[in-house]
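1. Pasting a predicted model and its sequence here:
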There are 2 protein chains.
Amino acid sequence: MARTSGSRAEITGPLVRGEARRLFARQGYAAVSMRQIAAAVGVQAGALYAYTPDKQALLADLLESHMQELLAAWTDAPEAPPLARLERFVRFHIDFSLDHADAVFLSYMELRNLTPENFARIAALRGRYEAVLEQILRAGVAEGQMRIEDAKLTTLALIAMLTGVTNWYREGGRLDRDRIAQIYWGLARGAVGA
Amino acid sequence: MARTSGSRAEITGPLVRGEARRLFARQGYAAVSMRQIAAAVGVQAGALYAYTPDKQALLADLLESHMQELLAAWTDAPEAPPLARLERFVRFHIDFSLDHADAVFLSYMELRNLTPENFARIAALRGRYEAVLEQILRAGVAEGQMRIEDAKLTTLALIAMLTGVTNWYREGGRLDRDRIAQIYWGLARGAVGA
DNA sequence: GTCTATAATCGGATAGAC
DNA sequence: GTCTATCCGATTATAGAC
């Protein structure tokens, strides 16, 4: 941890982002000081400014790269039956959310701390992700496998429901991930009338 | 707004709580200064300390009284059929959440900024509210009106889904409240296998 | 109950040496 | 790339007058 001097950009860069993500998620963006991040990384506060122009850009980078990673990680199978696609989406969303719990939490909590420009960019990425699910639901209705009153609302409702696992899931709890995903898939299937 | 002096405790007290709730919800607890709250109320910063021992107690009071109000507002009808009780709960939760959007947002976002003692008290209140829904679900299963794999998980999933409306609902939007509640009731009914 | 003034600390960000 | 030192403004909370 403690260290005197020397250049190690390759490891410090990712470390800064990782510690910032962890601290922002646990205490909130505004409550975390640059000095605190620096201490967690093992450098002095001034050194952080070699990696980010300011604190705001650090937050925006974390949120944007999270959304980009989320979109990149999802691979659809448009030819598959809509119900199978929905099941894959449910499992994917739960797994990804639990694997990136800090970033997910940040993405919900700290949007309000972004400048309008940064907010708009990240909200657009979120919209693209929501469109993924909405498209699946519309295909399910079109093919008669789902009964849905409003595809847009159902999209938002399902994503909120699935993301909610990050609020209570703990490693080694009563239910393992597969079982949780199975239960949530049952809820989602019922909600879309299948 | 601007004012020089004089005692007006009866109106200042609620005003402090109201402005603090609004500002905390919009910018986050840590990002809001006591000076900012004071300015919104129309007093100087020092005057706030006649109403709260410190900033932390102000937050804890807001969250606790919100949970107390939520619990007090719900009136069950234990003799009614479980499905009817669930529908009432869905509508109640959406209405109450939209009527107290700032407090709901706060209750989700700022738990991490509470001291452990304050956190424990408020988490217990939340648990009592969750138990309300869980009991309805168990009654529904017992009476054969619902098919549920795990009542506890389904409780958390439904509450997360319903509370999610606060993230996107805007007065005067595409759908009015009744229509939204109707759609969510359809989703919830399907999720519990009814 | 509210004001003004202030104590004591901490915040983000920068400059210049190495 | 990192450190030390520092600028300067903002922060919470308190003291004492009214």
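-> Received the coordinates, thanks. Numbering: from 1, shown residues only, chains lettered A, B, ... in the order given.
2. Show me what the longest helix anywhere in chain A is packed up against.
-> Secondary structure of chain A per DSSP state H: the longest helix is helix A:116-142. Secondary-structure packing of helix A:116-142 (3 or more C-beta pairs under 8 Å, 6 or more residues apart in numbering or on different chains; DSSP states H and E): helix A:55-73, helix A:82-99, helix A:151-163. No exception for glycine: its C-beta is placed from N, CA and C like everyone else's.
3. and those as JSON lines, adding distance to chain B, mean pLDDT and mean neighbour count?
-> Supplementary listing: those in JSON lines, determined by distance: least, C-beta to the nearest C-beta, whole Å; pLDDT from 0 to 100; neighbours: other C-beta atoms under 10 Å in any protein chain shown:
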{"stretch": "helix A:55-73", "distance to chain B": "12", "mean pLDDT": "98", "mean neighbour count": "17"}
{"stretch": "helix A:82-99", "distance to chain B": "11", "mean pLDDT": "98", "mean neighbour count": "19"}
{"stretch": "helix A:151-163", "distance to chain B": "3", "mean pLDDT": "98", "mean neighbour count": "22"}
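4. Now render these as TSV, adding distance to DNA strand D.
-> Shown next, in TSV, are the helices and strands packed on helix A:116-142 (distance: least, C-beta to the nearest atom of the strand, whole Å):
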stretch	distance to DNA strand D
helix A:55-73	14
helix A:82-99	27
helix A:151-163	30
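5. Nearest to DNA strand C, out of those?
-> Of all the helices and strands packed on helix A:116-142, it is helix A:55-73 that lies closest to DNA strand C, at 3.8 Å by C-beta to the nearest atom of the strand.
6. follow-up on the earlier one: tell me which of the helices and strands packed on helix A:116-142 lies nearest to B:Ala57.
-> Shortest distance between B:Ala57 and these, using C-beta to C-beta, is found for helix A:55-73: 27.9 Å.
7. just checking, what packs against the closest one?
-> For helix A:55-73, the packing partners by 3+ C-beta pairs under 8 Å, 6+ apart come out as helix A:9-27, helix A:82-99, helix A:101-109, helix A:116-142.
8. hey, C-alpha coordinates of the shortest one in CSV?
-> Read that as helix A:101-109. Taking C-alpha atoms only, helix A:101-109 is exported to CSV below (Å, rounded to 0.1, in the frame of the first residue of the first chain):
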residue,chain,number,x,y,z
ALA,A,101,-22.8,-4.8,-8.4
ASP,A,102,-20.9,-1.6,-7.6
ALA,A,103,-21.2,-0.2,-11.1
VAL,A,104,-24.9,-1.1,-11.2
PHE,A,105,-25.5,0.7,-8.0
LEU,A,106,-23.5,3.7,-9.2
SER,A,107,-25.5,3.8,-12.4
TYR,A,108,-28.7,4.1,-10.5
MET,A,109,-27.5,6.5,-7.7
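9. If you count neighbours, what's buried in that helix?
-> The neighbour-count check on helix A:101-109 (16 or more other C-beta atoms under 10 Å in any protein chain shown) flags A:Asp102, A:Ala103, A:Val104, A:Phe105, A:Leu106, A:Ser107, A:Met109 as buried.
10. what does stretch A:110-117 give?
-> Buried, per 16+ other C-beta under 10 Å, within stretch A:110-117: A:Glu110, A:Leu111, A:Asn113, A:Leu114.
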